[in-house]
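In: Need the 3D shape of this:
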Amino acid sequence: MTDLSTTYLGLQLKNPIVASASPLSEKIEIAKQLEEAGISAIVMYSLFEEQIIHESLELDHFLFTGTEISPEITSFYPQTGRYSLKPDAYLEKVTQLKKAVSIPVIGSLNGVSTGGWVKYARRIEEAGADALELNLYYLPVDPNLTSSALEDNYIALVSEVCNSVRIPVSVKLSPYFTALPNVAKRMAAVGAKGLVLFNRFYQPDLDIENLEVLHTLELSTSSEMRLPLRWVSILYGKINIDLALTSGVHTAEDVIKAIMAGAKAVLLASALLKHGPGYVSSLLTDIQTWMEAHEYDSISQMQGSLSQAKVADPAAYERANYMKVLQSFRTLP
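Out: From the prediction side, this is the model:
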């Protein structure tokens, strides 16, 4: 029998497919369906930094019950909409989910400053989470903010959180770093046990008729997987940290590619939102069928087999690949 098990963040997983942070984890019954279909772990939807700030500063009181502050000031605070659960409600949801399923439950914090993160990292641990994912979702728009200052802030945040909890901590990064391997190395040095590559920023569009900025959610496609696939392949074996791949994973072939690049876990959101929880079962069947056909006995045997460290042409992951692609167009009839 093919062994699909893997380890991620020190957690023993029955297979590498993990439900990424998404609305799917909001409902206990859907989480149960995911477990029944074979998902190996669930990352909770995120507790946002704005929600922590909102509670700690009691903004409802200061913004909405006083007459001494102009109502226009409220426009500067984010509208969290359906994610406006108070932190205590989020913690209760973690506890409920942990009681409802037998697979690991990973909490998620979304933000970029220490603020209440350390406090709520501890509270998420106390609520029963098996691990914690720090989702560093931030778009630097201040021209006075340097990349080194921002990276130092990230490292300090990760360090404080890792030192405050006993459960393993992973960091979900964006691809927008000048020297990503160095950032990854620094994350590992301050205690991060895993990196999730990559955070998928949602891009606004413009309505040129109504002169509005549009915020629409578009699910990923498999082509988006190439960026995290390259960096997982490059980082594998160079840094002592578990790598998880997310963004663009939709098929069994995508999962296999991620594992061969060096991922220990593969996080899905768009595919599950599109096809439903039962899709996990068909993915696992297809993965096992492929492995048997290609005589792989285990996931561990596949892990990293096509990483930069293992392939015959390591330069294929670097600039030489760009030149070869351009050359291929010149040779077309």
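In: The stretch 101-250 of the chain: helices as residue ranges?
Out: Ranges of helices in the stretch 101-250 of the chain, per DSSP state H, counting those that start in this stretch, are 117-126, 147-164, 180-189, 226-235.
In: Go through those and pick out the most buried.
Out: helix 226-235 (a mean of 22; mean count of other C-beta atoms under 10 Å). C-betas here are computed from N, CA, C, even on glycine.
In: I'd like the helices of the stretch 101-250 of the chain laid out as CSV, including mean pLDDT and distance to Ser305.
Out: Converted to CSV, the helices of the stretch 101-250 of the chain look like this (pLDDT from 0 to 100; distance: least, C-beta to C-beta, whole Å):
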stretch, mean pLDDT, distance to Ser305
helix 117-126, 91, 35
helix 147-164, 94, 30
helix 180-189, 97, 21
helix 226-235, 96, 10
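In: now these in a markdown table, with distance to Leu211?
Out: Listed next are those as a markdown table, based on distance: least, C-beta to C-beta, whole Å:
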| stretch | distance to Leu211 |
| --- | --- |
| helix 117-126 | 37 |
| helix 147-164 | 32 |
| helix 180-189 | 37 |
| helix 226-235 | 32 |
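In: I'd like to know which of these is closest to Gln33.
Out: Among the helices of the stretch 101-250 of the chain, helix 117-126 comes nearest to Gln33, with 23.5 Å by C-beta to C-beta.
In: Which elements pack onto the closest one?
Out: helix 49-56, helix 87-100, strand 105-110, strand 131-135, helix 147-164 (3 or more C-beta pairs under 8 Å, 6 or more residues apart in numbering; DSSP states H and E).
In: again, only this time at 10 Å
Out: Helix 117-126 sits against strand 47-48, helix 49-56, helix 87-100, strand 105-110, strand 131-135, helix 147-164, with contacts defined as 3 or more C-beta pairs under 10 Å, 6 or more residues apart in numbering; DSSP states H and E.
In: any idea how far the closest residue to Leu180 other than its chain neighbours lies from Val266?
Out: Setting aside the residues directly before and after it, Leu180 is nearest to Trp231 in space (C-beta to C-beta, 6 or more residues apart in numbering), at 6.3 Å. Trp231 is 14 Å from Val266, where distance means C-beta to C-beta, to the nearest Å.
In: Asp205: how many residues sit nearby?
Out: Per other C-beta atoms under 10 Å, the neighbour tally for Asp205 reads 11.
In: wait, it sits on Thr216?
Out: Yes - counting by C-beta atoms under 10 Å, Thr216 is a contact partner of Asp205 at 6.5 Å.
In: Would you check how far apart Pro140 and Leu9 are?
Out: 28 Å.
In: neighbour count winner among the two?
Out: Remark: of Pro140 and Leu9, Leu9 carries more neighbours, 24 against 12, as counted by other C-beta under 10 Å.
In: Which residue comes closest to the more buried one once chain neighbours are left out?
Out: Pro168 (3.9 Å).
In: For that neighbour, the count of nearby residues, please.
Out: For Pro168, the neighbour count with other C-beta under 10 Å is 20.
In: for it, what are its contacts?
Out: 8-11, 106, 130-133, 162, 191-194, 242 (C-beta atoms under 10 Å, 6 or more residues apart in numbering).
In: Return the distance of it relative to Asn153.
Out: For Pro168 relative to Asn153 (C-beta to C-beta), the value is 22 Å.
In: Same question for Ala263.
Out: With C-beta to C-beta as the criterion, Ala263 and Asn153 are 27 Å apart.
In: Return, as residue ranges, the portions of this structure with sub-threshold pLDDT.
Out: Along the chain, the parts satisfying pLDDT under 70 run over 50-85, 112-115, 319-333.
In: Tell me which stretches of it form strands.
Out: Ranges of strands in the chain, per DSSP state E, are 6-8, 11-13, 17-19, 41-43, 47-48, 105-110, 131-135, 169-173, 194-197, 205-207, 212-214, 242-246, 265-268.
In: To Pro87, which of those strands lies closest?
Out: strand 47-48 (6.1 Å).
In: got the contact list for stretch 291-307?
Out: 1-7, 13, 15-16, 229, 232-238, 243, 252, 255-264, 287-288, 290, 310-311, 314, 317.
In: one more time with 8 Å
Out: With contact meaning C-beta atoms under 8 Å, 6 or more residues apart in numbering, stretch 291-307 is reached by 2-6, 15-16, 232-234, 236-237, 256-257, 259-264, 310.
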